[in-house]
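> 3D model of this:
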Amino acid sequence: MKSSKIAMCGFTAALLVSTAASAKTLVYCSEGSPENFTPAINDTGTSFDAARPAYDQLVEFKRGTTEVGPGLAERWDVTDGGKTIAFHLRKGVKFNATKDFVPTRDFNADDVLFSINRQWKPDHPYHKISGGKYDYFNDMDMPNLLDSIEKKDDYTIVMKLKEPNITILADLAMDFATIQSAEYADYLMKKGTPEQFDQIPVGTGPFAFVAYQKDAVIRYRANKNYWGEKPLVDDLVFAITPDPTARYAKLKTGECHFMIAPRPADLPEMQKDPTLKVISQPGLNVAYWAFNNLKPPFDKKEVRQAFNMAIDRDAIIRDVYLGAGTKAKNLIPPTLWSYNDKVPDYPYDPEKAKAMLAEAGVKTPLDIDLWYQPVQRPYNPNGKRIAEMMQADLAKIGVNAKLVTYEWGEYRKRLQDGEPITAQMGWTGDNGDPDNFFFLRGCAAARIGGQNIPKWCNKEYDEMLVKARTLSDQNERAKLYQKMQEIEHEEAPDMKLAHSIVYETMRAEVSGFKQSPLGRHEFQGVDLKQ
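Numbers count the residues shown, from 1 in each chain. Got it, this is the predicted structure:
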């Protein structure tokens, strides 16, 4: 089986090279396969990156920044003290076609209503298609925030909120708020194949979907009529390559032009190679080790605090991150406003950890599971190696950790369902606002299926989280966020591991790529020099 996969990879590589010879083709060595092509039912950067070329949102982050600007809405009016937003939609925007579906109309307000109501309304005809899970929409408490969304005319949408929300525009620029084609959805429903909607994307984006060969390649072609920043290449190809060493090999031979997440150990060699360019910036991210707060003994704060002192994080930063990470003590990175540097860090103190476990009534040897991430992420360069180092540290305090992992999509699902006792996880910010990190410990996200992996719900923390969204004064919001960091430190629902520097590597002939602080990979405006 393995040899056939190698043969297929060789065939795919040859195909990429031959395609590149006949047209200007940009090949991105991505790290994993998408779960599907509808961002509303996903919550991983891998799936978002894979679908993003096909789609737009009402408002969008200017490429390479956290600044929100016009998207499918060319302008908007905010009234009623921030509770009413009228979006004025862009005219003349075309949807891309598939081999079976050709749009008969331009983008309009019906598509906005479809895309939001699918996630919001249980009686929407597409609500239960593909499992009907809308984790981002629910975890960010959108059902409780939205009062109504109505079509004033074909090019005006009026959204009313139950209370002002300072983060709403940045939230709507995120992938879960992607706008899809209501006409395409209706066509597939009448055809009897509505599940195809989430597998073959139809959007207004800079590239049109062509084909997906599972675990191998995704193909897009340029949308020459795109309303925004134009694609400068004819074709965009995702060469799915989970192993970072294999990605690097393809980059060196020219089989791909851009790769995600190089191994820290490879960076010195990459930086010396004149055929390559290495870019970097401090990551808006955090890696953490989650404790399931609903399962003994991690339902006790003292146990969670003890486990925070059991791991030699300095050794992990030194030996695994190789200078590309810094030790974390808060959920948000220090580059983000409202960071509370006065929060003390937990020291590495295995003797104190053992004593605290004994005081908490925990008998050793204690058996736990330790789930590790199966894919390389910008905030976690080697989940298995980190898990092995943690396992060795835990043995010193009488804890036997069984290492467990699954395929990335399955891993995420099981974590969100609350299955593991302890698990590695992390986060890269989606919109540049501290709320986008703090919601990860909010009570709305602590439900089964939610992104609050520790399933920790603290009333005081949650009330501050909700209140901060209503405040326009950044200083007042910062005071709440700083207090929330103190609460979370004391309660220790997890162990913060690291904030990383994000490195990405491309061929020297690539121009125009803008590294995103949000971890996005966007290729409109990117060119290949001859």
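> residues contacting the closest residue in space to Ala23 that isn't next to it in sequence?
Nearest residue to Ala23, sequence neighbours excluded (CB to CB, 6 or more residues apart in numbering): Asp234, at 4.0 Å. C-betas here are computed from N, CA, C, even on glycine. Listed by CB atoms under 8 Å, 6 or more residues apart in numbering, the contact set of Asp234 reads 23-25, 221-222.
> Out of these, which comes closest to Asp367?
Thr25 (51.4 Å; CB to CB).
> Next, count neighbours for the closest one.
Residues within reach of Thr25, counting by other CB atoms under 10 Å, total 20.
> ok, now Lys190?
Lys190, neighbours per other CB under 10 Å, totals 9.
> And Phe238, by the same measure?
By other CB under 10 Å, neighbour count at Phe238 equals 27.
> swap in Leu294?
14.
> roughly how far apart are it and Asn285?
For Leu294, the distance to Asn285 equals 26 Å [CB to CB, to the nearest Å].
> now Ile166
23 Å.
> before we move on, what about Ala392?
25 Å.
> Compare neighbour counts for those two and give me the winner.
Under the criterion of other CB under 10 Å, the comparison of Ala392 against Asn285 puts Asn285 first, with 26 against 13.
> The more buried one: what's it in contact with?
Here Asn285 is in contact with 333, 378-379, 426-429, 499-500, 502, 519 (CB under 8 Å, 6+ apart).
> Could you report the neighbour count for the closest residue to Lys459 other than its chain neighbours?
Leaving aside its sequence neighbours, Lys459 sits nearest to Cys443 (CB to CB, 6+ apart; 7.7 Å). The number of residues packed near Cys443 is 20, by other CB under 10 Å.
> Cys443 touches Glu460, doesn't it?
No. With contact defined as CB atoms under 8 Å, Cys443 does not reach Glu460; the gap is 11.0 Å.
> just to revisit the earlier point, tell me which two in the contacts of Asp234 are the farthest apart.
Largest separation among the contacts of Asp234 by CB to CB: Lys24 and Arg221, giving 11.3 Å.
> re earlier: how far away is the residue nearest to Lys459 from Asp433?
19 Å.
> what do you get for Pro347?
In terms of CB to CB, Pro347 sits 31 Å off from Asp433.
> ok, these two, which is more surrounded?
Using other CB under 10 Å, the more surrounded residue of Pro347 and Asp433 is Asp433, with 22 against 10.
> residue contacts, that one?
Applying CB under 8 Å, 6+ apart, the residues contacting Asp433 are 167, 170.
> neighbouring contacts of the helix or strand harbouring Ser47?
Ser47 is located in helix 45-51, with elements delineated by DSSP states H and E. For helix 45-51, the external contacting residues (CB under 8 Å, 6+ apart) are 30-39, 42, 175, 178, 201, 218, 238, 375, 377, 408, 428, 519-521.
> Distance from it to the middle of the chain?
Its chain's average C-alpha position is 8 Å from that of helix 45-51, according to CA atoms, centre = their mean, to the nearest Å.
> Let's see it as PDB, backbone CA atoms only.
The C-alpha trace of helix 45-51 is given here as PDB (Å, rounded to 0.1, in the frame of the first residue of the first chain):
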ATOM      1  CA  GLY A  45      -6.500  26.300   9.400                       C
ATOM      2  CA  THR A  46      -5.800  23.400   7.000                       C
ATOM      3  CA  SER A  47      -9.400  23.300   5.800                       C
ATOM      4  CA  PHE A  48      -9.800  27.100   5.800                       C
ATOM      5  CA  ASP A  49      -6.700  27.500   3.600                       C
ATOM      6  CA  ALA A  50      -7.900  24.800   1.200                       C
ATOM      7  CA  ALA A  51     -11.300  26.500   0.700                       C
END
